[in-house]
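Chemist: turn this into a model:
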Amino acid sequence: MRSSIFFSLLFLLGVSSHSINHKLNNFRTQLEATTFLPDSTETVVLTAFPKILEGERGWVNVSIQGMKNPSIMDILALYSPSNANPKKNAPVKFLSADHFVGDYLKNGNAVARFDLTNFHSDVSFVLFRNGTKKWPDKEDTKLFPKLKMVAKSNSVFFKNPRIPNQAHIAFTSKPGEMRIMWATDSAPSVQFLKIGRNSNQYDSTLVPRRGEYSPKDLCGSPAKDWGWKHPGLLYDVVVKGLEAGARYYYIIGGNQTGWSEERHFTAASINVPSRPVNFVSFGDLGKWAEDGTEEHWNNGFQALSTVEHITAKRDNIDFVLNIGDLAYAVGYSPQWDEFMNQIQPVAAYVPWMTTPGNHETDYPNSGSYYKGKDSGGECGVPYEKRFLMPIEQSTHWYSFNYGPVHIIAFSTEHNFTVGSKQYKWMVKDLASVDRKVTPWLVVAGHRPMYAVGYHPGSLLTDIEPLFDRYNVNVALWGHVHNYERTCPMSKGECKNKKTTHVVIGMGGYGFGLFNETAPRPSYLLKIINIRGYSQISADLKTFEFKFFNQTNLLADSFKLFNQK
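Modeler: Modelled structure (predicted):
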């Protein structure tokens, strides 16, 4: 019953498949036609408690009392800020009545529980009557009557709505540096980073830059209208003069907003080839709320386990490489807030390096290589404002060394064809790699060159020859939500000392089904439809790849050896 309700509700929201344009279209149309004045005949009492929450996250209970003629299709929606206009603003998330606790369908009384992140604004809850007592047999949204507002709750506040959160760190293009980023509310404040070599002893205080974006910076709907919520102010500061391998402790904030808890990181050993590297990589993470709420898409049910497993390893990994399709916000701004706080237990301690995916970038006439609307009108802006990578000005790609590995993080969402700016950069970068210093060469991008059932387009004709010419060891890809691994190969054939392709778009988001009985190409050594993450370790002689599944068990592995 619950699964059928889940997928029917997704259809109500215009999300019947991964490729569909994800705009809450039908829900939006219904809300725009709704009269947002509770009918005088309605006697429902909607109460949210506690009214004040501590810290960066908390649970809220919403009591529903006295609903007449309750239906399984009734919906309780969360809005932020609390004065958001449901005609013009999408709900952050919602629960349908099958998630209510109590005998709601019998007596109209229930409690619903919501897991809240600190959005830097207050929230309230609105109960809608859908007007039908059972789900239609056909997935035809015309069968759903107009939503009707029944009641609105009191507002719920975080004790400190200005709290600095969403902390994450990243490498810069220079050794001995680390960039630290975070967010606050939309009111300007004086922010600082305090940092030192010893816990609770900070010998340096730095002032960050402040950034933001507005609807006019975005490309289309829902990002610039229906899905818009102010993202707050975004801060970043670069710490310089760090000693490789040393641990640093830091706090972020200020007197006006309060201070964060103390966190720490280890300064990178970027140009120390003899130092082994150990990093985690995946694509297509998404997010998931523990309260079971629905959003525009809600299929990232394994994202939490991935983050939890990596959190347990964070003191023993050097960085995370997230290759595209991060939050799946696709135009719904609060989803970025939730995603950033979801990854914070790792990203505030370990550099979280990224490449753009189609769901961050793609939109017509925005400069993206593909012309679909997969970003929901974001066209890369929220992603690029939050994740400041060591890119050159007006580009979307970069590379870096860590220990014995050279990593190229390129964008499959921007022109990479022969003669393009990115192609010329990639040729120059590949040619500059000293294999005596960094014997292992890894290239990472979102859309795969080789994956079952996926057509790679110009990647094969334009980029694979570069892999052959410069002896790329391993290519990491996302986009396809499976785990797949090939033999060392070129041009569709297994060949020694060529590139091993690994699809790791299994970070947490769903829709990774494939035909178990379909014929497999001869170069494919492994394909697994399960979520998880990869962990890669390397020294000057050995490169080892491991795939851990969603229960943290080893599901596949391979080794490469440097014979020189």
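
Chemist: can you give me the neighbour number for the closest residue to residue 405 other than its chain neighbours?
Modeler: Nearest residue to residue 405 in three dimensions, chain neighbours excluded: residue 440, at 4.4 Å (Cβ to Cβ, 6 or more residues apart in numbering). In this view, the C-beta of every residue, glycine as well, is placed from N, C-alpha and C. Here the count is done by other Cβ atoms under 10 Å, and residue 440 has 23 residues near it.

Chemist: check contacts around residue 440.
Modeler: 404-406, 473-474, 538, 543, 560, 562 (Cβ atoms under 8 Å, 6 or more residues apart in numbering).

Chemist: repeat for residue 197
Modeler: 203, 246-249.

Chemist: on contacts alone, who are the packing partners of the longest helix along the chain?
Modeler: The residue-count maximum for a helix in the chain (DSSP state H) belongs to helix 334-347. Other helices and strands packing on helix 334-347, by 3 or more Cβ pairs under 8 Å, 6 or more residues apart in numbering; DSSP states H and E, are strand 110-117, strand 165-170, helix 303-313, helix 381-386.

Chemist: next, the angle helix 303-313 makes with it.
Modeler: Helix 334-347 runs at 20 degrees relative to helix 303-313, counting by axes from the mean of the first three to the mean of the last three Cα atoms, to 10 degrees.

Chemist: need the next SSE after helix 334-347, C-terminal direction.
Modeler: From helix 334-347 onward toward the C-terminus, using DSSP states H and E, the following helix or strand is strand 352-355.

Chemist: could you point out which element follows that following strand?
Modeler: Remark: after strand 352-355, the chain's next helix or strand is helix 358-361, criterion DSSP H and E.

Chemist: what are the contacting residues of that next one?
Modeler: In contact with helix 358-361 (Cβ under 8 Å, 6+ apart) are residues 324-326, 328-330, 368, 370, 372, 374-376, 378-380, 382-383, 396, 411, 413-414, 446-447, 479.

Chemist: repeat that for stretch 542-549.
Modeler: Residues contacting stretch 542-549 (Cβ under 8 Å, 6+ apart): 309, 405, 440, 473-474, 483, 485, 502, 504, 528, 530-538, 554-562.

Chemist: how far does that stretch sit from the chain's center?
Modeler: 23 Å (Cα atoms, centre = their mean, to the nearest Å).

Chemist: average pLDDT for that stretch?
Modeler: In this model, stretch 542-549 has an average pLDDT of 98.

Chemist: would you mark the buried spots in it?
Modeler: By 16 or more other Cβ atoms under 10 Å, the buried positions in stretch 542-549 come out as 543, 545-549.

Chemist: got it, and stretch 314-329?
Modeler: 314, 317-329.

Chemist: picking up where we left off before, which one of the contacts of residue 440 is nearest residue 490?
Modeler: The closest of the contacts of residue 440 to residue 490 turns out to be residue 473 (Cβ to Cβ; 12.6 Å).

Chemist: wait, the closest one touches residue 438, no?
Modeler: No. The pair residue 473 / residue 438 is not scored as a contact, 10.5 Å apart, by Cβ atoms under 8 Å.

Chemist: pLDDT score for the residue lying closest to residue 289 once chain neighbours are set aside?
Modeler: With sequence-adjacent residues excluded and distances taken as Cβ to Cβ, 6+ apart, residue 289 is closest to residue 115, at 5.4 Å. pLDDT recorded at residue 115 is 95.

Chemist: quick check: residue 115 touching residue 287?
Modeler: No. Using Cβ under 8 Å, residue 115 is not in contact with residue 287; the gap is 11.5 Å.

Chemist: who's more crowded, these two?
Modeler: Using other Cβ under 10 Å as the criterion, residue 115 and residue 287 rank with residue 287 on top: 25 against 15.

Chemist: so that one, which of the three states?
Modeler: Under the three-state scheme (DSSP: H, G, I helix; E, B strand; the rest coil), residue 287 adopts coil.

Chemist: quick check on it: phi, psi?
Modeler: Backbone torsions of residue 287, given as degrees, to the nearest 10, read phi -150, psi 170.

Chemist: and it, what is it in contact with?
Modeler: By Cβ under 8 Å, 6+ apart, the residues touching residue 287 are 300, 303-304, 327-328, 335, 338-339, 342, 508.

Chemist: and it, how far from residue 296?
Modeler: Plainly put, residue 287 is 12 Å away from residue 296 if you go by Cβ to Cβ, to the nearest Å.

Chemist: what touches both of these two?
Modeler: residue 335.

Chemist: picking that back up, helices - which of the buried residues of stretch 542-549 land there?
Modeler: Per DSSP H, helices hold no members of the buried residues of stretch 542-549.

Chemist: nearest to residue 95, of the contacts of residue 287?
Modeler: For the contacts of residue 287, the nearest to residue 95 is residue 338 (15.5 Å; Cβ to Cβ).

Chemist: so what's the gap between stretch 551-559 and the chain middle?
Modeler: Chain-centre distance of stretch 551-559: 23 Å, with Cα atoms, centre = their mean.

Chemist: got the contact list for the closest residue to residue 268 other than its chain neighbours?
Modeler: Distances taken as Cβ to Cβ, 6+ apart place residue 171 nearest to residue 268, at 6.0 Å, with adjacent residues excluded. Residue 171 makes contact with 177-179, 268, 270, 319, 351, 353, 390, 400, according to Cβ under 8 Å, 6+ apart.

Chemist: one step back: among the buried residues of stretch 314-329, which pair sits farthest apart?
Modeler: 318 and 329 (27.4 Å).

Chemist: end to end, how far does stretch 467-479 reach?
Modeler: Using Cα to Cα, to the nearest Å, one end of stretch 467-479 lies 20 Å from the other.
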